[in-house]
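>>> model this:
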Amino acid sequence: MRPKPQPTNTLPPPHEQRYRLVVEKPREVVFQLDTEGRWTYLSPAWTELTGFPVEECLGQRGLDSVHPADHALCHESGRELLARQKDCCKHELRYLTRDGGFRWVEAYLRLLLADDGTCLGTYGTLHDITERRRTTDALARRERYLTAVVEIQQRLLAASASENLFERLVAPLGEASGASRAYIFEAYRSPDGNQLFSERAEWCAPGVRPEIHNPARQGLHLERQMPRLYELLSRGQVLSGRVKDLPPEEQAVLEPQDIRSLLVLPLWVHGTLAGFIGFEHCVEERQWDKAEVDLLWAAAGAIALAMEQQQAERALRERELRFRRIAENASDVLYRYQLAGTRSFAFVSGVVTKHLGFTPEEHYRDPGLWQRLAYPEDRQVLEQLLCDPRQMADAPVVVRFHRRDGHTVWLQHVVTPVLDSTGLCVAVEGIARDITERRQFEEALKLSEASFRILLEGVPEPAAIQRDDHIIYANSALVSALGFERQHEVMGRRLREFLLDEVPPPEGAVPLVVGERRIKRRDGKVLVTEFASLPLLFDGEPAVVSIARDVTEQRQLQSRLSLADRMASMGTLAAGIAHEINNPLAFVISNLGFLLDEMRRMPSLVPGGLVSRPEVDEWRAVLMEAREGAERVRQIVRQLKTFSRPDEERVESVDVHAVLDSAVMLAANEIKHRAKLRREYGPMQHVKGNEGRLCQVFLNLVVNAAQAIPEGTAEKNEIRLVTRAGEPGRVVVEVQDTGAGIPPEVLGRIFDPFFTTKPVGVGTGLGLSICHGIITSLGGDISVESEPGRGTTVRVVLPAAEKGTRVEKPVVAPQVPVTQRGRVLIVDDEPAVGRALRRILREHDVELATSGRQALERLAADTRFHAVLCDVMMPDLGGKDLYEAVQQGGTGLERRFVFVSGGAFTQGARDFLARVPNPTLEKPFDETAVRRVVRELVLNHAAVVGN
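Numbering: from 1, shown residues only. Purely as a prediction, here's the structure:
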């Protein structure tokens, strides 16, 4: 290394002073390198550029100051100079700075030659162009993003409902962002109700490993695994940063995937977090600037909007098609007009060809195309729009153009200036929307308000035009919908007077409404409508047109279906409860009966023993009370089974008195604290109907009657159930109460859906409406008579059933003395039920099987059983399957089957029991019936063997 020059106190000669002024004062760095590439001279501007002192760098290799990525370029430049292929080399390089970063410079390099042509080294200048490069890179980056946004818009317009939307969108965004990986996660609900997120689409840069099949990125419980990220996304905020700066629990999830930095933006649909879009860097740590985030926000918004549209399209196909037509015909032109350097179009979306007839390529070749196409009187506005947009930013500006075919096009522009670091406007980004049809329509409206009135009058939906929040026009459909007769009764009023639950807009704001709204008619009835308002020019002045579509019946149907689903669920639950109660109830009642019988026999078995004990009578009383309570439970379970029967469409002969008794038993708790119950049953025929549905009707009527009477007045009030024969072929049932009654103004609406006088949470307003529907569907009629303060009478008229239409399958036979001891096989998956039946049939030889398969093995080995008592519903092999398996054996043993039922049949089991001739015993058992059925089978078998 050469020794550094030592400072002296002598002043340099004048010519050297001038040299230093020329070389050292400018901000460009002047340098010299020897033949080995080491610094021999650096001007003071070097320290300002890199932060390194000149003295520290002299004698060092010049290549060490260059960014490693640019070393190859430096070697190539030196080779060309030494080969005398060029006199001068000019390149843009990155020089390292003292703070660990780098600066972009424009380097000029020449050979330093002696008089004889010998190379002494190189010399040149370094000019700092960092800010210019940053501006250029930012503009290029914004252009990439704009291109990606336009491409996304085009792909969204071209997407079909059957396509994977995410796969079409993630690639343009990933390429534009320069990330290593881009992806989209979608939210969904797991069966246990947790919100999970799974990766649906992914784009990876070359050389980056895909992670879409990584189980860690599927079924992600974001709220538990990364709570901070979930909270940010749920608040509509963005997560951006380096992984090493994130909390440890987030690092534990991201670092195994080689992620160094990331950007995550939420996707919102209908105000709910529906997923998120993310970008990851796996090679370097990089931050995203605000402009990038804003453009990606726009892309995320477009994706979320597309998700929302797809959801709506799947639900309503007709509205989906209409929306697609509107979206396809309302495409906007996106453009970027460059101001820095030569003015030109940097980008124009392809839809410009549709609107102006000129392709994007023609715009790129001709920067003044729009100025020539614009109307002469609009050119000044266009020039200001493109050259000085800051005065018009975010404000719509309309410019008229001549299309290639000579037609006029009205384009509404919204522009945003693009500024560099110094605040200079270097470009204009804008959106141009074709409003030609709207302007033509507005012009037509100015010329003929009457034509517009005729148009609205022909619309079948209610429509109104408002100005200053007052109705200035209403079509006939709106007048009728609001319950008025003449148009002038509506004119001048505020439309929002008729909108329920509508918050008044701020003073001076345009009263725009979009969505579902309730409209209250003049007579108090409420309509549910799909409501939409939009601004327009009416008679040359600003106004608002509002159109409503009545969807009341549709919403009523949806509510009825929802209630029907809940009722079906309640019925299924009731049937399941009845079935589960019947099994233990069967052996409880049987065992209590067995104990009573045994206690009756004890005195004879133990003479002078047990009978002499004073507590025996009390034991008998306790057992009898327990059996009485179990019998009451049995009756309640039977009513539940009737109420929950699934065959709602079966019409047969029904005993109304039995139905009324069932309804009263189920409503006993509502009745006993409010009124006394009186039954006034007259002689009458059975009715034609469905037992379960009639039970639902009369249970509702009895409960309504009870709830019309306040609690605590049971001695002063009563509920009467009256039945009598009506006109020929008709039966009348009345439910009367002494409650508060119904006012006359309400009585006419008592069967309207959603109408109720009960407090919120007590009634839905659908009970009487459903009762009315059930009765009328059965060919009957229901009416209400009431007087305030004197009670209410609900009268139900039903068609009488033809005599003999209901056929009961005989289950029991006349009692015959026991003449033979038989063999009985009991098949039940509840061992306690089997033991209870064995005690009932203790006069026979009884064997037990606790499953269908065990019974099948026993019957295959031994067919000498006189009777087989088989449970219908068993988990492994049910009674139906066991019966059919024995029937295939050809032994005839299936004729000795007696089926035992606890309820909760499947439809297949119900059809099977109706088809086979075998008797059926219901749990809890009637012990006498059980003994008679078995006795008959034993005697019949003995008679067959004897013959």
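
>>> only C-alpha atoms for contact and neighbour calcs from this point on.
Noted.

>>> so the nearest residue to residue 415 once chain neighbours are set aside: helix, strand or coil?
Distances taken as C-alpha to C-alpha, 6 or more residues apart in numbering place residue 430 nearest to residue 415, at 4.0 Å, with adjacent residues excluded. The assignment at residue 430 comes out as strand when based on DSSP: H, G, I helix; E, B strand; the rest coil.

>>> residue 430 and residue 857, how far apart?
For residue 430, the distance to residue 857 (C-alpha to C-alpha, to the nearest Å) stands at 84 Å.

>>> with neighbour numbers in mind, choose between those two.
Legend: neighbour count by other C-alpha atoms under 10 Å for residue 430 and residue 857, higher for residue 430 (22 against 11).

>>> residues contacting the more buried one?
334, 335, 336, 413, 414, 415, 416 (C-alpha atoms under 8 Å, 6 or more residues apart in numbering).

>>> verify the stated contact: residue 830 with residue 850.
Yes. Using C-alpha atoms under 8 Å, residue 830 is in contact with residue 850, at 6.8 Å.

>>> distance of residue 267 from residue 261?
With C-alpha to C-alpha as the criterion, residue 267 and residue 261 are 20 Å apart.

>>> also residue 37?
Taking C-alpha to C-alpha, one finds residue 37 at 38 Å from residue 261.

>>> give me the more crowded residue out of these two.
Set side by side, residue 37 and residue 261 show more neighbours around residue 261, with 26 against 17, by other C-alpha under 10 Å.

>>> contacts made by the helix or strand hosting residue 90 with the rest, please.
According to DSSP states H and E, residue 90 maps onto strand 88-96. Strand 88-96 has contacts (C-alpha under 8 Å, 6+ apart) with 50, 65-67, 70, 77, 81, 102-111.

>>> just the CA atoms of that strand, as CSV, please.
Only the C-alpha atoms of strand 88-96 are listed here, as CSV (Å, rounded to 0.1, in the frame of the first residue of the first chain):
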residue,chain,number,x,y,z
CYS,A,88,-16.1,5.3,-22.0
CYS,A,89,-18.4,3.0,-20.0
LYS,A,90,-21.6,4.3,-18.4
HIS,A,91,-23.6,2.1,-16.0
GLU,A,92,-26.0,2.4,-13.1
LEU,A,93,-24.5,0.6,-10.0
ARG,A,94,-25.2,0.3,-6.3
TYR,A,95,-22.4,1.5,-3.9
LEU,A,96,-22.4,0.3,-0.3
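
>>> what are the buried residues along that strand?
Going by neighbour count (16 or more other C-alpha atoms under 10 Å), the buried part of strand 88-96 is 89, 92, 93, 94, 95, 96.

>>> now the residues you listed in JSON lines, with pLDDT?
Formatted as JSON lines, the buried residues of strand 88-96 follow (pLDDT from 0 to 100):
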{"residue": "89", "pLDDT": "86"}
{"residue": "92", "pLDDT": "86"}
{"residue": "93", "pLDDT": "89"}
{"residue": "94", "pLDDT": "88"}
{"residue": "95", "pLDDT": "90"}
{"residue": "96", "pLDDT": "90"}
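
>>> any chance of a markdown table for those, columns distance to residue 382?
Below are the buried residues of strand 88-96 laid out as a markdown table (distance: C-alpha to C-alpha, whole Å):
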| residue | distance to residue 382 |
| --- | --- |
| 89 | 44 |
| 92 | 37 |
| 93 | 40 |
| 94 | 41 |
| 95 | 44 |
| 96 | 46 |
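
>>> nearest to residue 253, of those?
Checking the buried residues of strand 88-96 against residue 253 with C-alpha to C-alpha, the nearest one is residue 96 at 34.5 Å.

>>> now the residue nearest to that closest one when sequence neighbours are not counted: how far from residue 93?
The shortest distance from residue 96 to any non-neighbouring residue, by C-alpha to C-alpha, 6+ apart, is to residue 102 (4.2 Å). Between residue 102 and residue 93 the computed distance is 10 Å (C-alpha to C-alpha).

>>> which neighbours do those two share?
Shared contacts of residue 102 and residue 93, counting by C-alpha under 8 Å, 6+ apart, come down to residue 67.

>>> tell me the confidence at the residue nearest to residue 415?
Looking at residue 430, its pLDDT reads 86.

>>> which residues of the stretch 201-350 of the chain score low on pLDDT?
In the predicted model, the stretch 201-350 of the chain carries pLDDT under 70 at residues 311-330.

>>> please enumerate the helices of it.
Ranges of helices in the stretch 201-350 of the chain, per DSSP state H, counting those that start in this stretch, are 222-225, 227-234, 248-254, 290-315, 317-328.

>>> just the residues contacting the first one, thanks.
What that stands for is helix 222-225. With C-alpha under 8 Å, 6+ apart, helix 222-225 has contacts from 196, 197, 229, 230, 231, 249, 250.

>>> go through that helix and flag the buried ones.
222, 223.

>>> before we move on, what about stretch 516-530?
Residues of stretch 516-530 classed as buried: 517, 518, 519, 520, 521, 526, 527, 528, 529 (neighbour count, 16+ other C-alpha under 10 Å).

>>> can you map out the strands along the stretch 51-200 of the chain?
88-96, 102-113, 119-128, 181-189, 195-204 (DSSP state E, counting those that start in this stretch).

>>> how about the ones you listed, which one is nearest residue 870?
strand 181-189 (43.5 Å).

>>> and the helix or strand where residue 433 lies, which strands flank it?
Using DSSP H and E, residue 433 sits in strand 425-434. Strand 425-434 sits in its sheet next to strand 333-338 (antiparallel), strand 408-419 (antiparallel), going by DSSP bridges.

>>> where do the strands sit along the stretch 351-500 of the chain?
Secondary structure of the stretch 351-500 of the chain (DSSP E, counting those that start in this stretch): strands at 397-402, 408-419, 425-434, 463-467, 470-474, 499-500.

>>> between strand 397-402 and the longest one, find me the angle.
Orientation check (axes from the mean of the first three to the mean of the last three C-alpha atoms, to 10 degrees): strand 408-419 against strand 397-402 gives 130 degrees.

>>> other residues contacting strand 408-419?
355-356, 385, 389-390, 392-403, 425-436, 439.

>>> PyMOL command to pick out the buried ones of these?
A single PyMOL command selects the buried members of those (16+ other C-alpha under 10 Å):
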select buried, resi 355+356+385+389+390+392+393+397+398+399+400+401+402+403+425+426+427+428+429+430+431+432+433+434+435+436
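
>>> what's the local residue count around the nearest residue to residue 650 once chain neighbours are set aside?
Counting by C-alpha to C-alpha, 6+ apart, residue 650 lies nearest to residue 690, which is 6.0 Å off, once chain neighbours are set aside. Residue 690 is flanked by 19 other residues according to other C-alpha under 10 Å.

>>> in this structure residue 690 contacts residue 651, no?
Yes. Residue 690 is within contact range of residue 651, at 5.0 Å (criterion: C-alpha under 8 Å).

>>> quick check: closest non-adjacent residue to residue 877.
Leaving aside its chain neighbours, residue 877 sits nearest to residue 852 (4.6 Å; criterion: C-alpha to C-alpha, 6+ apart).

>>> now do the strands in the stretch 651-800 of the chain.
Taking DSSP E, counting those that start in this stretch as the test, the strands found in the stretch 651-800 of the chain are 652-654, 676-681, 687-689, 718-725, 730-737, 781-787, 791-799.

>>> remind me what the fifth one packs against, helices and strands.
It refers to strand 730-737. helix 691-707, strand 718-725, strand 791-799 (3 or more C-alpha pairs under 8 Å, 6 or more residues apart in numbering; DSSP states H and E).

>>> ok, it: who's next to it in the sheet?
Sheet pairing of strand 730-737 (DSSP bridges) gives strand 718-725 (antiparallel), strand 791-799 (antiparallel).

>>> okay, residue 701 and residue 536: tell me how far apart.
53 Å.
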